[in-house]
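Undergrad: output the structure for:
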Amino acid sequence: MPRNKPRTSRLPPSGSPPFVVGSGPNQSMLVSGTHYTFSQFKSANRPSELWRHARPKIWNYGSKLKYETEVTRKLPMDLMIELGCNLGTIRAPGIGLLHNELVKGVPAIFGQFITTLPAIHSIIISVCVKYVPVPVVPQNERFYIRRLCPKSYHFFRCIARYGYMDVRKENHQVFEQLLIDSLGKYIRREAQERQLESDGDEDAESEEDTSFSRVLVTPNGSVYSLGVPRLAEYGAANNSISEASTSEGE
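TA: From the prediction side, this is the model:
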């Protein structure tokens, strides 16, 4: 009995001409449509991409130009000394904050204030915000305060320092309160340092007065020490006493 032959597929292979002719146009339309859509999307987003890359460069250039302008136009210290402690105007009670980018010197905008405004605050604080290359700056080290002018001017410099992981959560009222507290601490610490220096000077003067008071010179020229003399002082005192007695004997 003859065996049945296995049935073979009558479908043409994938690389056969009928398959290419049938699916070729569909594939080409799909590829061309995808390319057209991608080209349209890319051309539509090109201005936004350019703006996204150009924005930080523009910001950096503007910040650098602003800082260089403030550095070149800052007020000389000789002018501040010439104006005097009243700065050539009326000092009204209160605290004035002057924001700028300088870490040294008096900003130029302060000159416009003293020439335009009829009066300025009795205490002026020049404030600048800087980001330092540390993760976090402790709260007690946030504000760096120093004097810009002599003590009678009441003009201070404050640098608010933030790390690259610090988040500025405080609003302007909290910031001002922290700044004023730091200023009070600085003034108290400065007063304590001045008190210690004055106490040291008084101690030195009292020691000099005491050292002079321990030496007694009699009318006949004899020298007597009222304290415990050192060896060199003891020898010098003996020599002076012996010379005085010799002159009297002659």
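Undergrad: so where is this protein shaky, pLDDT-wise?
TA: 1-46, 201-250 (pLDDT under 70).
Undergrad: okay, domains of it per the record?
TA: 77-196, 214-249 (automatic domain parsing).
Undergrad: list the buried ones in stretch 140-159?
TA: Under the neighbour-count criterion of 16 or more other Cβ atoms under 10 Å, stretch 140-159 has 142-143, 145, 148-149, 153-159 buried. The way it works is simple: take the backbone N, C-alpha and C, and place the C-beta from them, glycine included.
Undergrad: can you list the residues that contact it?
TA: 77, 80-81, 85, 87, 91, 103-106, 122-130, 160-162, 178-179, 182-183, 186 (Cβ atoms under 8 Å, 6 or more residues apart in numbering).
Undergrad: and the residues you listed, which are buried?
TA: Neighbour counting by 16+ other Cβ under 10 Å classes 80, 87, 91, 105-106, 123-128, 160-162, 179, 182-183, 186 among the contacts of stretch 140-159 as buried.
Undergrad: quick one: which of these sit in strands?
TA: 91, 123-128, 160-162 (DSSP state E).
Undergrad: A strand includes residue 190, no?
TA: No. Counting by DSSP: H, G, I helix; E, B strand; the rest coil, residue 190 is not part of a strand but helix.
Undergrad: report how many residues lie close to residue 136.
TA: 11 (other Cβ atoms under 10 Å).
Undergrad: now the domains of the chain in JSON lines, with distance to residue 57?
TA: Shown next, in JSON lines, are the domains of the chain (distance: least, Cβ to Cβ, whole Å):
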{"stretch": "domain 77-196", "distance to residue 57": "19"}
{"stretch": "domain 214-249", "distance to residue 57": "74"}
